[in-house]
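Novice: Need a 3D model of the following:
(4 chains)
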Amino acid sequence: MEEYAFFPGCIAKNVYPGIEKATRIVFEKLGIGLRDYEYSCCPPPGVLACYDKPSWLVMGARNLSQSEKDGLNPMTVCSGCYGTLHNVWYALKNDPDLMGFVNDHLGRIDAEYKGKVHPIHFVDILKNYKEKIAELKEIDLGLNVAVHYGCHYLKPSSVTGENSERPTLLDELVGLAGCKAVPFKDGLTCCGAGGGVMSGEPDVSLKIINTKLNNMKDANVDAIVNICSFCHMQFDQSQKKLKTTEIPVLHLNQLFGLAFGIRPKHLALHTHLVSTRDLEKKLKDLKKGGE
Amino acid sequence: MEDEVRKRIAEMLDSGEVTAVIALKDVLGMTTPCVFKKGDDLSSLRLSPHYPLATLAMKMHKMDPEYKIAILCRGCDERALLEMAKRNQIDMDKLSIIGIACDEETAKDCNCSVPYPSCEDLIGEKLEELELGDAFEDYKRMSTAEKLEFWKKQFEKCNKCYGCRNICQMCFCKDCELENELWLKKGRLPPDFPVYHLIRAFHLAGKCVGCGECESACPAGIPLMTINRLLRDDMKELFDYVVGNTEEVNPLYTKEEF
Amino acid sequence: MGKSVKEILIDGNGYACIQCGRCTGSCPSGRECSLRTRKLIHMARMGMDVIKTEELWDCTTCFTCQERCPKEVKTTDMIIELRNLAVEEGYFPTMSDVPKIIIKSLYDTGAGQPLSPEVSKIRAIIGLKKEAYDVSTNAETLKKFQRLLDGLEITKKGGLR
Amino acid sequence: MKRIGVFICHCGVNISNTVDVKKVVEEISKIPSVVACADYQYMCSDPGQDMIKKAIKENQLDSVVVAACSPRMHEPTFRATVSDAGMNPYCFEMSNIREQCSWVHLDGEKATKKAIDLVKSSVARASLLEPLVSQGVPVVPKALVIGGGIAGIQTSLDIANSGYKVYLVEKEPSIGGHMARFDKTFPTLDCAACILTPKMVDVARHPNIELLTYSEVESIDGSVGNFHVRVKKNPRYVDMEKCTGCGSCAEACRLAGRIASEFDMGLGKRGAIYVPFPQAVPLRYTIDPEKCLFLKHGKCGTSPKCADVCTTDAIKFDDKPEFVEFDVGAIVVATGFKEFSAELKPEYCYDKYPNVMTGLELERIFAPSGPTGGKPKINGKEPKRIVFISCVGSRDKKVGNAYCSRVCCMYIAKQAHLLKEKIPDADITVMYTDMRAFGKGYEEFYERVQKEGIKYRRGNAAEVYGQDGKLFVRAEDTLLGEPYELEADLVVLGTGLTPNPLAEGIGKLLHLSLSSDGFFLEAHPKLRPVDTVIDGVFLAGVAQGPKDIPDTVAQASGAASHVVNLLSKDEIFAEPTIAVVDEDACVGCKTCMLLCPFEAHEFDEEKGVMKVNAALCKGCGSCAAACPSGSIRMNHFTNDQIIAQLLEVL
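Specialist: Just a heads-up that it's a prediction; the model follows:
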């Protein structure tokens, strides 16, 4: 069985546990094993890397080292966590001196990172399971959605290797749940939360997300589908503050959960600040129509 | 196994497939390279200790390219023949091969991961997944300075007998650079560090087939295979090229960039 | 370990900048505030007090500028490095308390965003363990983790020691 | 023992400021083999050279060492000097005490010591130098020009007018190249066709030019003075002798107006039988075998219409490729460029919106022979708000092009001017990185265009996006320090010039090197910009690097003069500093053959040894270094010479 070390990240376990739940369900159904480890916060590139980069590297490397003895690659459900772990992995891989520095610190707690395992974003696993996902789908959700990647999954492309200007993966993946990714203005811009701006400069952060939400609204979408818990939090919480839009926010795994026929409550949709009631009603009607 | 080889040789000679077979035989209790022809007594044939026969085949081939020869051939012999063919020294199409697989003991002794030739009708059991381990682990752990010290000590033992070169299957130049006064002054012992051995190492990069004969030939016990084996490993790591395993051109001999 | 502005410019290829402005034109944050990535690089190169500017903290690290740069200037990476330098030099204009709170939480629980009793309840309802399996699950591991942090600058800068 | 003369140059004060020249003379004079030693302020000057000549005669010198600058410039000078005095030029040795000593050291004492060591090592080498003799090779008084754009046309005409035969090979059905696509040329606004087409006609009519269009060079063997060339003439399926260029076939073609025209950058249409443009040379039709119904499916209605209407019976469906072979003494590579592929900058959405177009496409929109008959219409409408974006694919390492394309600033200015002329109320903005108006009359033109009301905003465009059928461009005005957005009806990308990918094959045939930017490498960036490292092969136009038309024409004439210079000689002398095989020691392993970048090694089947073709060998030494048995000797750089030199400095 294909197996990964599950790196849920703080938001998915401590703020939006529906994401953790949805992930566990989706991966179980796909027959992909997830193993838990004693992980800490990734730590985030905004606050920690900007505050003290060497500490950020060491903490990131500690996380990476956890599953190394089992040879499992850590899988993230958040583009932020992915950005940190991936950047740490990349920096260490290309700089033996830095690797030495990190391991000097890890050595103090009898840990070591050899660079043998590397982080992987969960969508990069799902893209190999398109057929299985289509098989498992019970409901064609039929939603028009706005997809959001999260900057650190795509960029910098010299490190991620992704097509940062014209990505298509999420269009394809939401299509598997019977949804349509609707193009909208500035579809790839930042959610405004990263870099410590959400906490440090809340006004700027809200302005950025407000523009983004209005662009989504103009495109008449039924929901926002993201692959980043941190952006997820920004989309959900800021709408509550701004009160100008009310677009339900779904993590991709929650979307697949719904398509696989999981009840919304089990995916903790009811705990989102932006109500998903209309969405749920639509699904109920769909289900009835289906029967 | 020897009987099987005898049978094969007799068949080949009797049928006229080949005129001569290069093999080893016992002469007064010593195993020596020899040539068997039709009607020769094959009872003296021996398979061990092994001895490189490719050079002999090359020399015979050069004397008369049309002369039909078969050669007793281990994995290392075949690799040597292949590398010779790449260097225009022998025509493999005009050579018959009697492939013999080495047993585990011999293979381990030679630290050889491919102790058999690639031909189909192999005599003996093919050892495909031999666990060799890293014989040079201790060496690799040394620092650069320690390595230098190590080699200084080893090369001091050299008495310039040329045994390593004389036995080497891949040394087929008419005039050897190791006898050029420009690099090595006559009558100086040991030869200037590290000229003799480094010239040989350079010449064998991408060429050494790992037969191990140089090390067994060395009367001073210099671990020559440590150099040559590491060179083979480097070729694999840097260029993904295994000497003697492919028909590919040696990556050190091309104009293309990597 | 800390880099000077000059080292940051060298490592980030900042001297290659031709001030074309594609970075600022691409910047989603600059549209809403006074952040001008191009200007930050120019200031750094001219030896001006770039680390004292408040704009330095308006970048969301979305990497669009770095992505679009025709001269391979690592603009975002440089901003992150410049922020490190600013913290070291004591210029930390806006969110002085926020990182300290996060660092404290990180030290105590291993999580930047700690678990609240409400979410813990939700976790149980949807069939997850009340608390996720992580560095704080095992007291011994948490202690080790804290020992790791004790040896890092972050706890000092976060006011924990 | 050899009798050696050593001459130390002060190079003005370049050397003598750091190195104590008198001390060097003093030390070197002590060497027994040095029978003459002197210094002078400028050894390369006339009196300096005379001093050497006099010393050779007076002291019966066998070898001469000059310690001065880099041999790159003055080794030929001094070789000629010693030769004048009756000495073999290869018994001359140069010691570089400027670049390798005085220029790079501050401590005079140490520098002097180093200079002494360097000169000593040269003396050691000089005492082992041997006289070498060049072999003469007769020159074929003909030239090959590859590429029929303005560069190839100019070169061909210049060579042909000097009285030498030229073969001009062009892969397209017509000569003319990119320049034929332009409407007007900056900064004088001459109509491109008016100045180009007469030259094209001259080429066609010239008795000394053999024009091979729709043809490709298949192979080139040999070396300077004696290249053997094989050219493949692709089948046109039209008899060149019979076709009168009347055009009735093109009108009759069932696919007329249905195939995107390459010449019009896909904006205009043509048929399966076509000429690329009305002024094509030769004005002969060509059938596109990929598109023609008859050639593809063996059927075109009841009968092929082109053949039906052709009054001269010129259609030849059974046409086959033809091969032509000839010898030439020199070759000019004028393979031009390819416009940068704008889809490689996805943020500008070139592939998404039809009203985002490249500079070359806009040229066709302007051209009277173009798809809109010269009317600036986009989707049938005149654009009113136009944005030009500069440096698209230039000065851009992200797409691998670090260089400036040198023409975009000016063609943008020209196109902006032309648009303003045709649409006076148009609002035109140029977003630029830096303005580069370096040529004669360019800055003046830039000023004129700004006076006409074109807005130049410093700061290049970050992205283009479409919204509700409208187009917007985002940028920062870097002078104001403000990001802004502009709505546009037309966005023109100032795409740069990139190496012609088809030239790669030609480069391989000729063993040419490329510069890091992918264009062909010249022999010296300043002093030999039209030569290549391969003798007898020259470069003209953008094949060597981005250029505007005046520079292209100048270089083309330069290349022609080098060709004529070469062809005017009866014999040329190749450098004798080449590899020589010792047949007794060679075992024929062919290692040298695999390594030689010039394919100068041949295997002698009979003797079973290698031999070196003296005309092809450039003396690079790869073979000698790799030869396992040391059977290859490098003339003038033998092992004992090099080692003697090394031992002196160790």
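
Novice: For chain D, list the residues in contact with chain B, please.
Specialist: D:584-591, D:594-597, D:603, D:626, D:628-631, D:639-640, D:643 (CB under 8 Å from any CB of the partner chain). C-beta: built from backbone N, CA, C; applies to glycine.

Novice: Just the buried ones from these?
Specialist: By neighbour count, with 16 or more other CB atoms under 10 Å in any protein chain shown, the residues of chain D next to chain B hold D:585-591, D:594-596, D:626, D:628-631, D:643 as buried.

Novice: I'd assumed residue C:52 was in contact with residue C:91.
Specialist: Yes - between residue C:91 and residue C:52 there is a contact at 4.9 Å, judged by CB atoms under 8 Å.

Novice: ok and the residue in chain A nearest chain D?
Specialist: Going by CB to the nearest CB, chain D is nearest to residue A:165 of chain A, at 3.8 Å.

Novice: For residue C:91 and residue C:52, indicate the residue with more neighbours.
Specialist: residue C:91 (17 against 13; other CB atoms under 10 Å in any protein chain shown).

Novice: And the pLDDT at that one?
Specialist: Per-residue confidence (pLDDT) for residue C:91: 87.

Novice: just residue D:170 next, same as before
Specialist: At residue D:170, the predicted lDDT confidence score is 98.

Novice: Skipping adjacent residues, who's closest to it in space?
Specialist: residue D:148 (3.2 Å; CB to CB, 6 or more residues apart in numbering or on different chains).

Novice: Pull up the gap between that neighbour and chain C, please.
Specialist: 33 Å (CB to the nearest CB, to the nearest Å).

Novice: Just checking the distance from stretch D:350-366 to the centre of its chain.
Specialist: 28 Å (CA atoms, centre = their mean, to the nearest Å).

Novice: and if you look at stretch D:635-642?
Specialist: The answer for stretch D:635-642 is 34 Å, by CA atoms, centre = their mean.

Novice: List the neighbouring strands of the strand or helix carrying residue B:26 plus their orientation.
Specialist: Residue B:26 is part of strand B:20-27 when elements are defined by DSSP states H and E. Strand B:20-27 has its sheet partners listed here by DSSP bridges as strand B:30-37 (antiparallel), strand B:45-46 (antiparallel), strand B:69-73 (parallel).

Novice: Could you dump the ones you listed into a markdown table and include mean neighbour count and mean pLDDT?
Specialist: Shown next, in a markdown table, are the strands paired with strand B:20-27 (neighbours: other CB atoms under 10 Å in any protein chain shown; pLDDT from 0 to 100):
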| stretch | mean neighbour count | mean pLDDT |
| --- | --- | --- |
| strand B:30-37 | 15 | 91 |
| strand B:45-46 | 20 | 89 |
| strand B:69-73 | 23 | 92 |
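
Novice: Would you confirm that residue B:97 contacts residue B:73?
Specialist: Yes - Residue B:97 lies in contact with residue B:73 (CB under 8 Å); the separation is 4.6 Å.

Novice: okay, and the common contacts of the two?
Specialist: B:81, B:117, B:119 (CB atoms under 8 Å, 6 or more residues apart in numbering or on different chains).

Novice: Distance check, the closest residue to chain D within chain C against chain A.
Specialist: For chain C, the residue closest to chain D is residue C:25, as judged by CB to the nearest CB, at 2.8 Å. Remark: distance between residue C:25 and chain A (CB to the nearest CB) = 13 Å.

Novice: Just confirm that residue is within a strand.
Specialist: No - under DSSP: H, G, I helix; E, B strand; the rest coil, residue C:25 sits outside any strand and is assigned helix.

Novice: Now do the phi/psi pair for residue D:221.
Specialist: Phi and psi for residue D:221, reported as degrees, to the nearest 10, are phi -120, psi 170.

Novice: wait, I meant residue D:621
Specialist: phi 90, psi 0.

Novice: distance between the ends of stretch C:145-156?
Specialist: Start to finish, the residues bounding stretch C:145-156 are 15 Å apart (CA to CA, to the nearest Å).

Novice: With stretch D:92-106 instead?
Specialist: First residue to last in stretch D:92-106 (CA to CA) measures 29 Å.

Novice: can you pull the buried residues of that stretch?
Specialist: Going by 16+ other CB under 10 Å, stretch D:92-106 has these buried residues: D:92, D:93, D:94, D:95, D:96, D:97, D:98, D:101, D:102, D:103, D:105.

Novice: quick one on the thing from earlier: most neighbours, which of the shared contacts of residue B:97 and residue B:73?
Specialist: residue B:81 (26 neighbours).

Novice: give the contact list for it.
Specialist: B:54, B:57, B:71, B:73, B:90, B:92, B:95, B:97.

Novice: In strands, which of these appear?
Specialist: B:71, B:73, B:95, B:97 (DSSP state E).

Novice: Closest residue of the stretch 51-200 of chain B to chain D?
Specialist: Closest to chain D within the stretch 51-200 of chain B is residue B:173: 3.3 Å, counting by CB to the nearest CB.

Novice: which non-adjacent residue is nearest that residue?
Specialist: Going by CB to CB, 6+ apart, residue B:173 has residue D:629 as its nearest residue, at 3.3 Å.

Novice: close enough to count as contact, that neighbour and residue D:587?
Specialist: Yes - with contacts defined as CB under 8 Å, residue D:629 counts as touching residue D:587 at a distance of 6.2 Å.

Novice: can you pull the contacts of the residue lying closest to residue D:613 once chain neighbours are set aside?
Specialist: Leaving aside its sequence neighbours, residue D:613 sits nearest to residue D:600 (CB to CB, 6+ apart; 4.8 Å). For residue D:600, the contact set (CB under 8 Å, 6+ apart) comprises D:578, D:579, D:612, D:613, D:616, D:617, D:618.

Novice: The residues you listed into TSV, with extra columns for neighbour count?
Specialist: Converted to TSV, the contacts of residue D:600 look like this (neighbours: other CB atoms under 10 Å in any protein chain shown):
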residue	neighbour count
D:578	23
D:579	27
D:612	19
D:613	16
D:616	21
D:617	24
D:618	20
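
Novice: So which of the residues you listed is the closest to chain B?
Specialist: Lowest distance from chain B to these (CB to the nearest CB) belongs to residue D:618, with 13.3 Å.

Novice: pLDDT score assigned to that closest one?
Specialist: 85.

Novice: before we move on, what about residue C:1?
Specialist: 54.

Novice: Check which residues of stretch B:158-174 are buried.
Specialist: B:158, B:163, B:164, B:165, B:167, B:168, B:169, B:170, B:171, B:172, B:173.

Novice: quick one: average pLDDT of that stretch?
Specialist: Mean pLDDT, stretch B:158-174: 92.

Novice: quick one: terminal-to-terminal distance for that stretch?
Specialist: OK, stretch B:158-174 end separation, CA to CA: 23 Å.

Novice: Please state the offset of it from the chain centre?
Specialist: 12 Å.

Novice: Likewise for stretch B:72-86?
Specialist: 8 Å.
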